[in-house]
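**Student:** no sequence on hand, only this structure:
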């Protein structure tokens with residue numbers, strides 16, 4: 001077990017999504033939030049006595065997809081519409097994206113809990129390569145706003 005941990009808050013994102021399976025709630029409608037997320041880094045210290053260089057997300061050697069982690073987070077969450085791959089209106093959202101009305105992102109599942117799991121997984125793959133296994137994310141917490149959040153621990 002690692003002896004050190006640190007956290008970083010990533011904020012300033014505006015995302016719209018809907019949870020189409022939420023039949024009896026208003027969450028079935030498109031709605032937006034000022035999304036942010038916090039990552040708990042865990043591992044041994046580097047030569048600078050840091051668990052992880054917080055600026056390392058923009059100066060990274062490794063990528064998430066073809067993007068730096070910081071750019072990936074913006075691509076995923078900043079002024080985007082996120083829907084589930086099984087949303088019955090997926091074709092409508094895809095057409096809106098093609099027409100330049102929305103920036104569509106399609107994930108397996110939608111909601112803060114699933115966003116936290118998705119981010120946890122992509123960040124840990126990145127950290128494995130970036131730090132040669134020295135650091136991992138132990139937890140990711142996604143906030144809809146200052147009062148609501150959900151987290152995922154591996």
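**Tutor:** Received it, and whenever you're ready, just let me know what you need. Since the model is a prediction, treat every value here as computed from it, not as a measurement.

**Student:** how far does the biggest helix by length in the chain sit from its chain's centre?
**Tutor:** Once the chain is assigned using DSSP state H, the helix that runs over the most residues is helix 112-130. Remark: helix 112-130 is offset 7 Å from the chain centroid, using C-alpha atoms, centre = their mean, to the nearest Å.

**Student:** so the residue of the chain most remote from its centre versus residue 56, what's the distance?
**Tutor:** Taking C-alpha atoms, centre = their mean, the residue of the chain most remote from its mean C-alpha position is residue 47, at 28.4 Å. In this view, residue 47 and residue 56 are 14 Å apart by C-beta to C-beta, to the nearest Å. C-beta: built from backbone N, CA, C; applies to glycine.

**Student:** same check, this time on residue 135
**Tutor:** 10 Å.

**Student:** so between those two, which is more surrounded?
**Tutor:** Set residue 135 next to residue 56 and count neighbours by other C-beta atoms under 10 Å: residue 135 wins out with 26 against 22.

**Student:** bridging residues for the closest residue to that one other than its chain neighbours?
**Tutor:** The shortest distance from residue 135 to any non-neighbouring residue, by C-beta to C-beta, 6 or more residues apart in numbering, is to residue 43 (3.6 Å). Taking DSSP bridges as the rule, residue 43 bridges to residue 4, residue 135.

**Student:** tell me which stretches of this protein form strands.
**Tutor:** Counting by DSSP state E, the chain has strands at residues 4-17, 31-43, 80-84, 104-107, 135-145, 148-152.

**Student:** give me the distance between the longest one and the centre of its chain.
**Tutor:** Right, strand 4-17. Using C-alpha atoms, centre = their mean, the offset of strand 4-17 from its chain centre is 8 Å.
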